[in-house]
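>>> Coordinates only, no sequence provided:
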DNA sequence: GTGAGTATGTGTCCAAGGTACACGAAGTGG
DNA sequence: CCACTTCGTGTACCTTGGACACATACTCAC
């Protein structure tokens, strides 16, 4: 390793933020404002400052470009092909982020319907898109998303990271629906519940969710911090 | 993302190269030549050129600093704390590498005894060290090694990456010895062999290895390319 | 050459976990 | 009050992983 001097690549971060809404997995995209890819969709991200860590840069860009704070953040992979960005040599550290509400600016409360663009001007070009129907992406971001999805699917099966994608209280049906949406396959309801219960990850709440049919008991995660647990 | 201009971090690679010899896991270290850490031990690595990929940079540095080519290479994690290098802001992409012979320069054939320093002048400061007895490391390389070991242990249990650490032909005892050395626990010989056989990863050879006792049949990997296989 | 010593090589039994699978209960809505 | 839909639970089977014992083949010491 060494000091400074000489030509060097630029360092950037790109973040794949996921959330679940309407039983479908969504990804946050922004519209490129200038340059060769102007108008196309891309992952939020940007240059890393001299005095901030990579994680900090990722959080800063998320807040700046989409008004999103309070996410689970995990480094994914670093993409550094010489020609991945036509504007110059950019080495990009990719992140996976998870959030429970489509936390777009303004209505952080109002449970923004993913799929719609954000109301605020500053983030007018940020939007949640169903992962199953993504537009073409700028740069090599399609490869980034592919890797992010693989990581997300893998980690859901052996960690409790699911708590980052659901609100405080949820029904077992909603939890299962989330797993099915992300893993892309159906799960046996009885086996799923048996497994979840045996792991003791959840805590039943007093309330129930009332719908068109039999009410479902609400649950919450015992501990909302990352743990290694074999779920599926 | 964007173009050039403004102050930016330097990009470097650091590589944790592992090999197995004398039934123990070894790591390749180099002695720092200048700067604040002069004389201390560190992982081989260096700046990333403007026109090379990250993987290429890792291979180039390995060849230059230790005369090592022909390794399995896998990106590990990117370390980017602002103060991890006292000489300036360096974002370092860490790699894990695996090689079967302590392939130090010159005697690529002669199966260099790990633990000894290299014979060639140019690589005089490169040496294999037992992972169980590592010296203090420069920079944040101790954290890098810790992460590399975790990755190595994890991957050995669900991939066939072991083929990168063994010569073409080996006995089942040697294979098991390698697993035990890396995982740090003993395995039941009968269950281990049963599992390995049932996976069909190996191909028995005609020859046997003769030692002080009953000869052991030599085996080779069916396919020497990365595969996902649940081994342990 | 012969017997002790040691590493190689194989099969069984049991426990645990995963998968397939069916029925009653609690509500809503017509 | 009847039909419908979702919630909620338990059993049987099979596969897998882990504990475990004995015969074989060769070397070395005597």
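Done, it's in. Please read all numbers here as calculations on a predicted model, not as lab measurements.
>>> Show me which positions of stretch A:134-146 end up buried.
A:137, A:138, A:139, A:140, A:141, A:144, A:145 (16 or more other CB atoms under 10 Å in any protein chain shown). No exception for glycine: its C-beta is placed from N, CA and C like everyone else's.
>>> what helix or strand is the residue in chain A positioned nearest to DNA strand D on?
The nearest approach of chain A to DNA strand D comes at residue A:173, 2.8 Å away (CB to the nearest atom of the strand). Using DSSP states H and E, the element containing residue A:173 is helix A:172-183.
>>> Check whether that helix comes near DNA strand C.
No. Figure legend: helix A:172-183 not in contact with DNA strand C (CB under 7 Å from any atom of the strand); closest approach 11.6 Å.
>>> between the helix or strand following that helix and helix A:172-183, how big is the angle?
Remark: after helix A:172-183, the chain's next helix or strand is helix A:189-199, criterion DSSP H and E. Comparing the axes of helix A:189-199 and helix A:172-183 via axes from the mean of the first three to the mean of the last three CA atoms, to 10 degrees yields an angle of 100 degrees.
>>> name the helices or strands packed onto the helix or strand just after helix A:189-199?
Downstream of helix A:189-199, the first helix or strand assigned by DSSP H and E is strand A:202-209. Under the contact definition 3 or more CB pairs under 8 Å, 6 or more residues apart in numbering or on different chains; DSSP states H and E, strand A:202-209 sits against strand A:216-221.
>>> Would you indicate which residues of the strand it packs on are buried?
A:218, A:219, A:221.
>>> Run through the bridge partners of the first one.
Per DSSP bridges, the residues bridged to residue A:218 are residue A:171.
>>> pretty sure it contacts residue A:202?
No. Using CB atoms under 8 Å, residue A:218 is not in contact with residue A:202, being 10.0 Å away.
>>> Could you give the average pLDDT over the lengthiest helix in chain A?
When chain A is parsed with DSSP state H, its longest helix is helix A:141-158. Per-residue pLDDT over helix A:141-158 has a mean of 97.
>>> who touches it?
A:14, A:16, A:18, A:27, A:42-43, A:74, A:76-77, A:79, A:92, A:94, A:96, A:98, A:131, A:134, A:136-137, A:161-162, A:179, A:182-184, A:228-232 (CB atoms under 8 Å, 6 or more residues apart in numbering or on different chains).
>>> Got a PyMOL select line for the buried ones in those?
With 16+ other CB under 10 Å as the criterion, this PyMOL line picks the buried residues out of the contacts of helix A:141-158:
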select buried, chain A and resi 14+16+18+27+42+43+74+76+77+79+92+94+96+98+131+137+161+162+179+182+231
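>>> Okay, and which of the contacts of helix A:141-158 map to helices?
A:179, A:182, A:183.
>>> What parts of chain A come near DNA strand D?
Counting by CB under 7 Å from any atom of the strand, the residues of chain A near DNA strand D are A:171-173, A:189-191, A:193-194, A:197, A:208, A:211-217.
>>> I am finished for the moment; much appreciated.
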